[in-house]
Structure formats: C-alpha cells, structure tokens
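# using only what follows, build the 3D model:
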Amino acid sequence: MPARLRRSLALRLLAVAAIWLAAALGVGGWLLSALFERHVNHTYVRQLDHQLASLAAALDWSADGRLVLNRSPADPRYELPYSGAYWQARAPGTLLRSRSLWDTEMPSAVLHRLPDASDATDGHADVRSGPNHQSLLVVSRQLVLASADTPVEIAVALDRTELRAARRSFNQTLAWSLTALGLGLMLAVAAQVRFGLAPLARLRRALSAMQARREARLGGAWPAEVEPLVTEINALLARNAQALERSRRQAADLAHAVKTPLAVLANEAAALPGTAAQAVSGQVEAMRRQVDRHLARARAAGAAAARGQRIEAAPAVRELTRALARLHRERALALTVDGGGHFAGDRQDLVEMLGNLLDNACQWARTRVRVTLREDSGVLEILVEDDGAGMPPEAQALATARFGRLDEAAAGSGLGLAIVTEIAALYDGGLVLAASPLGGLAARLRLPAGQP
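Below you'll find the predicted structure:
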C-alpha cells in the first residue's frame, strides 16, 4: 500500500469506494448487457416464429402430391438474393425455399442452440452458418399439414448482423452511461467523505486555535464519534496541567528548603577571617543565583503552559524603560521605545525577558538604548539595541547557552540570556544576538502575537 494512502483516511475511503463501484458497475453492466441480448434474441425469435406460422399457413399439398406455396410471404427481403432473411420448407421429395437463398439450401449444421429462445413447444432456435458466411438465427419446426399426414420441416432464418449491431450500440450507450454514473457516484462519495471527515479538520483547527490563544481545553459541540476523542484530549491536557503544577510546587519547595541552609552558610561565612569569608560568600551567592534561576524557569514554564492571555507589549516595555532610566539616572542614558504589538502569553514572562535584555543593554550602553516593537503575521518582534562595545560572535553563543555567563562580576537579574532563550522557547519563540547599527549589541526577541 502506498505511504500516502496509508496516511490518508480520505484516500482510503475513496479507494475502497472506487473499487466497490467499479466492481458493482462492472457486474451490473455485464448483467444488463446479457439481459438485453436475451431480450433481443427473444424478440427476434418471436418474430421468426410468427413468420414461420404464416409460412405454414401458406403451404399446402397439390393434387399430385407435391408441396406448394399458395402465397408468398409479405417480407420483400425474401425476394432479394442473400438479403439475410430466408425461409425453407422440406418434405420427402420436395424442397421449397425463398428466392433470397438463390441456389443454396438452408444450412443444417447447428453452431449452437439458443436455450429458451423460442416460444414454440415443438420447435427450437439455433445459430447456423449461412450464405456468404452469414451468421443466421434459425427457427425451425416440423409440422403436419391438414391436407396430408406427411411431415414438413419448415425453417425461417435472419442474419444476426442486426442483433450484433443492436447489442453493440446498446453496450456502447451502457458503457458511457455507467461511466457517467460512476463518476457521479465518485463525486458524491468524495463529497460524503469530505463532509464526514469535516469534524476532524475542525478538530485540527480547534487545536491550533487553542494553542495560539493559550486556552486550557477544547470546547464546543462535537459529533458523537469525535466527542470521545475530544474528551480524552481535554483529560490529557488536565493531567498535564496538574503534573506541571505539582512540578512547580516541588521546585518551589526545594528552593525554599535550600535557601534556608544557604542563609545559614552566608551568616557563618561572615564570621570567617579574611579572604576565606569572601571565597565562601562568593560560592554561597553563586548557589543562590542558581536557585533563583531555576525558580524563575519553573515559574515561566508554568505560566507558558497555563495559557495566558493576549496583552499589549508596549506598556510593559515603557514601564521597564522608566524604571531603568531612574536606576541609571547618573549616566543620563537615552531609552527610546518605538512601535507596538501584542504578546500571546503571560505578562510576567514578558517582563522577565525584557527586564533581562534591557538591564544588559543599559549596563553596557554608553549613551543610548533603543527598543523597537513590530507585529507581523502573528509574530511579535522586539529589537533591543545599545551603543556599547558590542559582543564578538564567539561570545554570543556562550551568552545564550545554558549556565553561560560572560562576566561573573557584572550586576544583573541573575537569570542570564539563557533564561530569556528558554522562556522564549516555551512560547515557540527565540532570541537572536547580532551586531547593532548603533555600534553595540542587537538582541532580537521573537514571540507569538496570537490572533486578534
């Protein structure tokens, strides 16, 4: 079975329907053709039987014991040589025949018998080879005339060319009709398959819309055959949400359990002499950053899977830029925000990502940070640029790598660009670093904008 046929329910249904239609129409056409041939044979045999009865009524015995024909049959074809219509009457010592036979006799060799083709109880219909290689339909009967007891064998025949022409014409018409009927039925089956499988296409669109709009379950009315599948999908989504919530709680509990010993270690480290206190305090601070990092990741993963709403991105960006402008007021940084757009997700996740990007940009900028927002084809693109020293290409990969940190001494949120990348990935987005026309780093964040 071809791979495409195995993967497509519609093609499977159409293929099965095509096979059954071809078989049904083929058998039906064969039966109709056989029935038509039988009907035509019956019609011609009855016609010949009537002509035979008329011929028998015109035959008689003369006074000298010869068989004579009192009147000629009305069919003019009996007078034309080899016209295809023939009759013959044979008695002991006497042979009468139509002029159409010319100088030949009615053939006696039977090619095959036509079963049940004659209504005569004492006669029969068969096919014989006639003059000029004609195939003749012959009806013959042995009669005893009223004027004498001598049996007379009477036979009438007709060329089967007309029968074959009628059957051929009927079969051609039948073939075209069945072909048109088959195409019409296939179109009807295709429409039926399309209508019958429409709920599956609707289910696919509903799943896409649910993912785009961050909805928690599939709603709406569904056919009885699809409703169990929808119920199972909703149950699976609910179980996943419960499992994720348990994981978030466990991560929070673990972080809380770890933070207390870390606080104790920090207090103990402060009592150590000299450089030992600084070394231990640095390690404790590094451990605290890692705990905060994983807490943020767990919170972001839960928010992304919880199907947040669609929000305006520009107000969140302007709120962050105002806060950072106050934080770096002594440096007189110029922070500008252009454009707008929507984010299909949790506002706190957006603030987490942008806060990290803007904080990094403000740390390394000389005088200027520019944020540009643009929404296009369901995608929100946020470009954060600065006019600082920039970042070499080999360092860009390290900056977004897991656990990567370029400057351990630099202040920051503690999440790092890797966390921005991971949160964006939860929303099927991404972060790309490049050189900015301003001279520093350009961080391009792409996130889903959702449907209006």
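
# please make it C-alpha for all contacts and neighbour counts, starting now.
OK.

# I'd like the next helix or strand past the longest helix seen in the chain.
Ranked by residue count, the top helix of the chain under DSSP state H comes out as helix 161-213. Next in sequence after helix 161-213, counting helices and strands by DSSP states H and E, comes helix 227-270.

# how many neighbours does Gly355 have?
22 (other C-alpha atoms under 10 Å).

# mind listing what the residue nearest to it when sequence neighbours are not counted touches?
Leaving aside its chain neighbours, Gly355 sits nearest to Leu320 (6.6 Å; criterion: C-alpha to C-alpha, 6 or more residues apart in numbering). Applying C-alpha atoms under 8 Å, 6 or more residues apart in numbering to Leu320 gives the contacts Val351, Leu354, Gly355, Leu358.

# how much space between the first one and Thr321?
For Val351, the distance to Thr321 (C-alpha to C-alpha, to the nearest Å) stands at 11 Å.

# and the two? Which one has more around it.
The neighbour comparison of Val351 against Thr321 (other C-alpha under 10 Å) goes to Thr321, with 24 against 16.

# against Leu333, how distant is that one?
Distance from Thr321 to Leu333, by C-alpha to C-alpha: 10 Å.

# joint contacts of the two?
Contacts common to Thr321 and Leu333, judged by C-alpha under 8 Å, 6+ apart, are absent.

# surely Leu333 touches Trp364?
No - applying C-alpha atoms under 8 Å, one finds Leu333 not in contact with Trp364, separated by 10.9 Å.

# show me this structure divided up by domain.
6-167, 240-304, 308-448 (automatic domain parsing).

# picking up where we left off before, quick check, the residue nearest to Gly355 in a helix?
Yes - Leu320 forms part of a helix when assessed by DSSP: H, G, I helix; E, B strand; the rest coil.

# OK, contacts around Leu433?
Residues in contact with Leu433 (C-alpha under 8 Å, 6+ apart) are Gln396, Leu441, Ala442, Ala443, Arg444.

# quick one: which of those residues is nearest to Trp30?
Arg444 (71.2 Å; C-alpha to C-alpha).

# give the contact list for the nearest residue to that closest one once chain neighbours are set aside.
Spatial nearest neighbour of Arg444, excluding adjacent residues (C-alpha to C-alpha, 6+ apart): Leu383 at 4.5 Å. Contact analysis of Leu383 by C-alpha under 8 Å, 6+ apart lists Arg370, Val371, Thr372, Leu373, Ala442, Ala443, Arg444, Leu445.

# quick one: strands adjacent to whichever strand or helix holds the first one?
For Arg370, the enclosing helix or strand under DSSP H and E is strand 368-376. Listed by DSSP bridges, the sheet partners of strand 368-376 and their directions read strand 334-339 (parallel), strand 379-386 (antiparallel).

# ok now it, how far from the chain's centre?
41 Å (C-alpha atoms, centre = their mean, to the nearest Å).

# likewise stretch 50-70?
That offset, for stretch 50-70, works out to 77 Å (C-alpha atoms, centre = their mean).

# repeat for stretch 385-398
47 Å.

# so what touches that stretch?
Taking C-alpha under 8 Å, 6+ apart as the rule, stretch 385-398 contacts 361-362, 364-371, 404-406, 433-436, 438-443.

# rewinding a little: now the contacts of Leu433 as CSV including distance to Trp222, pLDDT and neighbour count?
Below are these laid out as CSV (distance: C-alpha to C-alpha, whole Å; pLDDT from 0 to 100; neighbours: other C-alpha atoms under 10 Å):
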residue, distance to Trp222, pLDDT, neighbour count
Gln396, 49, 70, 18
Leu441, 51, 90, 26
Ala442, 48, 91, 25
Ala443, 45, 92, 22
Arg444, 42, 92, 20
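
# between these, which is nearest Val284?
Closest to Val284, out of all of these and judged by C-alpha to C-alpha, is Gln396, at 27.4 Å.

# show me the contacts of Leu433 that map onto strands.
Judged by DSSP state E, the contacts of Leu433 include Leu441, Ala442, Ala443, Arg444 as members of strands.

# from Gly450, how far out is the last one?
Spelled out, it's Arg444. Note on Arg444: its distance to Gly450, by C-alpha to C-alpha, is 18 Å.

# go on, the third one?
Here the distance between Ala443 and Gly450 works out to 22 Å (C-alpha to C-alpha).

# cool, and the second one?
Using C-alpha to C-alpha, one obtains 24 Å as the distance from Ala442 to Gly450.
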